[in-house]
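A.B. asks: Here is a sequence together with a model predicted from it:
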Amino acid sequence: MNKIFLSILIFFLVVTPSYAASKTPVKIVKILDGDTVRAKINDNIFSIRLIGIDCYETTPNNRAYKQAYNNNLTIDEVIKNGKFSKKYLINLYKNSNVQTFEFMGLDYYKRPLGVLYFDDVNINQKMLNYGGCLKF
């Protein structure tokens, strides 16, 4: 795990010297849910977490039940909202030509955190405004 963390950190420090303000080209491999994607950067694949947003879960796991309880929703409503967010993100991706990522740090699980752009459109903000995600 420490090797992965170190690899991610070194990659972003070497590839993007002013990493907090520059965008790195990425290739989306898979959209996991409304706020997490798997992306290829050079020859490495990373799970990337979109900073500042929190989307509902797409499966009935412990976190989904917590979201249901905290937001006074049924588990079915949580899953439905999560699937809506994922589908919305997939549609944004399908209609884009260029994907970039602005690295802003690592989360608790040592995943890269940042802002995703499709054709220079801030996807984090788009998901917050229209994709059913909450501000985090």
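C.D. replies: Yep, it's here. What you see is a predicted model; the values in this text were computed from it and never measured. Residues are numbered from 1 along each chain as shown.

A.B. asks: Please make it C-alpha for all contacts and neighbour counts, starting now.
C.D. replies: Will do.

A.B. asks: what's downstream of the worst-scoring helix or strand of the chain on mean pLDDT, the next helix or strand?
C.D. replies: Ranked by mean pLDDT, DSSP states H and E, the weakest helix or strand in the chain is helix 2-15, scoring a mean of 52. Sequence-wise, the next helix or strand downstream of helix 2-15 (DSSP states H and E) is strand 24-25.

A.B. asks: how far out from the middle of the chain is that next one?
C.D. replies: 15 Å (CA atoms, centre = their mean, to the nearest Å).

A.B. asks: tell me what that strand is packed against?
C.D. replies: With contacts taken as 3 or more CA pairs under 8 Å, 6 or more residues apart in numbering; DSSP states H and E, strand 24-25 sits against strand 99-106.

A.B. asks: could I get the helix or strand harbouring residue 125 in PDB with only the CA atoms?
C.D. replies: In this structure, residue 125 sits in helix 123-130 according to DSSP H and E. C-alpha atoms of helix 123-130 as PDB (Å, rounded to 0.1, in the frame of the first residue of the first chain):
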ATOM      1  CA  ILE A 123     -17.400  17.800 -14.100                       C
ATOM      2  CA  ASN A 124     -17.300  18.100 -10.300                       C
ATOM      3  CA  GLN A 125     -19.400  21.300 -10.500                       C
ATOM      4  CA  LYS A 126     -21.700  19.700 -13.200                       C
ATOM      5  CA  MET A 127     -22.300  16.700 -11.000                       C
ATOM      6  CA  LEU A 128     -23.100  19.000  -8.000                       C
ATOM      7  CA  ASN A 129     -25.500  21.100 -10.000                       C
ATOM      8  CA  TYR A 130     -27.300  18.500 -12.100                       C
END
